[in-house]
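Novice: Sharing a sequence plus its predicted fold:
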Amino acid sequence: MQTTINQPLENTVQADQHAVQSLQQRTETVASLSGVFGFFSRVLEQEIDAEFLHALRYELKQPLQEVGMEFDDDFFSVEESALLERYAEEFTGLFVAPGCVSPYASVFETGCMFKEPADRASAAYLAAGWEYKNRYSGEFPDHIGTMLGFYGMLCESEADCLDQGLIDKADQIKSSREQFLLQQLAEWGPGWCHLAARATTLSFYQQVLSMVEQLLWSELSQLIDRRELKNLAQKNQREPKRLDYDADFRKASGL
């Protein structure tokens, strides 16, 4: 009788321990994703400034090397102002100037700024309780850096809820971020990263863009089957629409 009583009790304890371990692993995973997506968002949204360069050279050097990033020797040896100028020129030519690989979903899909993809992105932000506010004229909510940052914030919110034991709310946030990934990024984000990585002349941006592409595919592979992944891969092989640099865009962008 004692054995009959103890066996179900032991099974229950083991199941509880497994549940706790699974929850902890999930929390650590989404917290890590939050940091990674936040980092990529910062790199793609803004030029590298002195503060960020210092972080890359010191605090972030080892973590980035651990995930496979290799830094050129001159990243640490070149004088700060000269390196910042080099990276500013690359950022402008790659993401901002006419003829760049425009980082906006609207441009990729329609060839014009601030179209329906921007409205979709804004609606997704509002649905999650965030309101998009640009810092400068010519910035729009469907910038891939902004979208990656938003995904990272959802990961952070999910991790916070898990830490507090709010499992149902964490599950709702998880569902929201998965839908955002599928609806806002899946059909163009990986392909855009691939094109931009081919266009850059600096190893740093090439590696970051390749890592973002790989991370997006990794996240998507957990949500859809191989057939759907194949369809997405075909969509991401598209060339972006050619941007119409009309007077309104030049006025908005300041170019």
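Specialist: Nice, thanks for sending it over. Residues are numbered from 1 along each chain as shown.

Novice: same question for the helix or strand where residue 156 lies, mean pLDDT?
Specialist: Under DSSP states H and E, the secondary-structure element containing residue 156 is helix 144-163. Per-residue pLDDT over helix 144-163 has a mean of 98.

Novice: same deal with stretch 196-210?
Specialist: 97.

Novice: Show the end-to-end separation of it, please.
Specialist: 9 Å (C-alpha to C-alpha, to the nearest Å).

Novice: Then stretch 57-69?
Specialist: End to end - C-alpha to C-alpha - stretch 57-69 spans 12 Å.

Novice: And for stretch 138-148?
Specialist: End-to-end for stretch 138-148, by C-alpha to C-alpha: 19 Å.

Novice: contact partners of it?
Specialist: Stretch 138-148 has contacts (C-beta atoms under 8 Å, 6 or more residues apart in numbering) with 37, 40-46, 103-106, 113-114, 117-118, 120-122, 125, 132, 134, 180, 184-185, 189, 192-193, 212, 252-254. C-beta here means a position set from N, CA and C on the backbone, and glycine is covered the same way.

Novice: repeat that for 6 Å
Specialist: Stretch 138-148 is contacted from outside by 37, 40-41, 44-45, 103-106, 114, 117-118, 121-122, 132, 184-185, 252-254, using C-beta atoms under 6 Å, 6 or more residues apart in numbering.

Novice: Now the element after the helix holding residue 156, going C-ward?
Specialist: Assigned by DSSP H and E, the successor of helix 144-163 is helix 167-180.

Novice: which strands and helices sit next to the following helix or strand past that next one?
Specialist: With elements assigned by DSSP H and E, the helix or strand that comes after helix 167-180 is helix 189-199. Using 3 or more C-beta pairs under 6 Å, 6 or more residues apart in numbering; DSSP states H and E, the elements in contact with helix 189-199 are helix 203-221.
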